[in-house]
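Q: 3D model of this:
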Amino acid sequence: MKSYDVFLPCYSVGPDCYRAVPRIARRFGTKAVVIGGKTAMAKARGALLDAVEGSGLSVTDFVWYGGNSTYENVEALTENPAVRGADIIFGVGGGRAVDTSKVVCDRLGKPLFAFPTIASNCASCTAIAVIYHQDGTLQEYYTLKTPPDHTFIHTGIIAQAPETLFWAGIGDALSKEPEVLLATRGAEMFHTLLVGAQLSRACGAPLFEYGLQALRDCRAGKVSFALEQVVLDIIVSTGLVSNLTSSSEYYYNSSLAHCFYNSVSLAGKAGAHLHGEIVSFGILCLLACDNRSEELEKYAEFNLSLGLPVCLGDLDLSAEDLPAILEKAPSVTEWKCVPYPMTRERFKNGILRADALGQKLKVQAKARLIL
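A: Presented below is the predicted three-dimensional model:
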């Protein structure tokens, strides 16, 4: 047996959680630079500056991350004097801003503190970064040694974020349980992977129980118990699972739902649709491919209740787009994250079965409204 390390995320949560920044960050240094999205930094700026005032910890600059998590933006940031001169980096914003910050910190050997301003994915708690080409298509996954040193989840800021991003975050988090349980089926369940797979079982229930109310509360800009439970599910629960089910040597973190998303993206068919939005339909494709009819109907009905996609048309796709999508699918990492050999025919049939069920449910829902 060889030695290995496991690093799990630490986090603070709540509308006043930035108050803990000096206490937690000061042991890493006294100068912090903020890297993030323009809107995100504007929203977090006041609370961050208030938190560090008089603490001996200072924010030296606010630097835009470049608009996408690309190696070109990483290189520009690693050469930025404000970034190079800081003791600590604060990564502020959504997944791409935080992922960019993670790679910058890995390259420069600096500690990272993550400040998600939206709840759209688990990037601020994971040791993996998604890297894109400059044209927006997926390039690769960048594996880090550790997740961010600490994550500050300001629910007050997140509750003010666009509802659409939170909605897509629910769709993305919803994939964790079915994907990990499919990817690990039949795998050798050593301790770390076993814990990750079991934790994935805790990712679905909060979304089914609190998802609709949390979405309503986000629409109203309200910090509530329901919103906090869903935010923690999206950012922390799925992040914990990601760290336990993926490394430089193995990958069980996702499966056919993300295979669908990545295939759609690589085929140039994503359009204006959000990552989690497309993934949420990918879950239905996974369940259909795996012949899990009862769960397929459960997830499809939940998607429909939140307005998440249940058929190809909801993503501005049709059967005519499938050849291009299926052409890309075998090149995607998640294509092999299943316990049986995948074929284009099986994936195609799964997509069409999910699409047919979604169309049927929409017709039934419309009929109920008429009655």
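Q: now the helices for the stretch 1-150 of the chain?
A: 21-25, 38-52, 71-78, 81-84, 95-108 (DSSP state H, counting those that start in this stretch).
Q: the stretch 151-300 of the chain too?
A: Going by DSSP H, counting those that start in this stretch, the stretch 151-300 of the chain shows helices at 155-159, 163-173, 176-183, 191-200, 205-219, 225-232, 238-245, 256-266, 275-289, 293-306.
Q: list the contacts of the fifth one.
A: Contact with helix 205-219 is made by 158-159, 161, 163, 166-167, 170, 173-174, 223-227, 229-233, 237, 302, 305-306, as judged by Cβ atoms under 8 Å, 6 or more residues apart in numbering. In this view, the C-beta of every residue, glycine as well, is placed from N, C-alpha and C.
Q: again, only using 6 Å
A: Here helix 205-219 makes contact (Cβ atoms under 6 Å, 6 or more residues apart in numbering) with Ala159, Glu163, Phe166, Ile170, Leu174, Ser224, Ala226, Leu227, Gln229, Val230, Asp233.
Q: can you check what angle separates it from helix 293-306?
A: Calculated by axes from the mean of the first three to the mean of the last three Cα atoms, to 10 degrees, helix 205-219 forms an angle of 10 degrees with helix 293-306.
Q: quick check: mean pLDDT across helix 205-219?
A: Averaged across helix 205-219, the pLDDT comes to 97.
Q: and that helix, C-alpha only, in CSV?
A: C-alpha atoms of helix 205-219 as CSV (Å, rounded to 0.1, in the frame of the first residue of the first chain):
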residue,chain,number,x,y,z
ALA,A,205,-32.9,14.6,-0.8
PRO,A,206,-32.3,18.3,0.2
LEU,A,207,-33.0,19.4,-3.4
PHE,A,208,-36.2,17.4,-3.7
GLU,A,209,-37.3,18.7,-0.3
TYR,A,210,-36.3,22.3,-0.3
GLY,A,211,-35.5,23.1,-4.0
LEU,A,212,-38.7,24.7,-5.0
GLN,A,213,-39.0,26.8,-1.9
ALA,A,214,-35.3,27.8,-2.1
LEU,A,215,-35.9,29.0,-5.7
ARG,A,216,-38.8,31.1,-4.6
ASP,A,217,-36.8,32.6,-1.7
CYS,A,218,-33.9,33.4,-4.1
ARG,A,219,-36.4,35.1,-6.4
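Q: can you check what angle separates it from helix 163-173?
A: Using the same axes, to 10 degrees: helix 205-219 against helix 163-173 is 170 degrees.
Q: please spell out which residues along helix 205-219 are buried.
A: By 16 or more other Cβ atoms under 10 Å, the buried positions in helix 205-219 come out as Pro206, Leu207, Tyr210, Gly211, Leu212, Ala214, Leu215, Asp217, Cys218.
Q: max-length helix in this structure?
A: If you go by DSSP state H, the chain has its longest helix at helix 344-370.
Q: just the pLDDT at the residue most central in space within the chain, thanks.
A: In the chain, the residue lying closest to the centroid (Cα atoms, centre = their mean) is Asn121, at 2.4 Å. What the model reports for Asn121 is a pLDDT of 91.
Q: how far away is it from Thr238?
A: Per Cβ to Cβ, to the nearest Å, Asn121 is found 8 Å from Thr238.
Q: in contact with Gly358, which residues?
A: Contacts of Gly358 by Cβ under 6 Å, 6+ apart are Ala300, Val310, Cys311.
Q: of all those residues, which comes closest to Leu199?
A: Ala300 (24.8 Å; Cβ to Cβ).
Q: wait, that closest one sits on Val310?
A: Yes. Look at Ala300 against Val310 with Cβ atoms under 6 Å: they come within range, at 5.2 Å.
Q: quick check: neighbours shared by the two?
A: With Cβ under 6 Å, 6+ apart, Ala300 and Val310 have common neighbours Gly358, Leu361.
Q: returning to that earlier point: and which of the contacts of helix 205-219 is nearest to Asp355?
A: Checking those one by one against Asp355 (Cβ to Cβ), the nearest turns out to be Leu174, at 18.0 Å.
Q: okay, and the common contacts of Asn121 and Thr238?
A: Common neighbours of Asn121 and Thr238 (Cβ under 6 Å, 6+ apart) do not exist.
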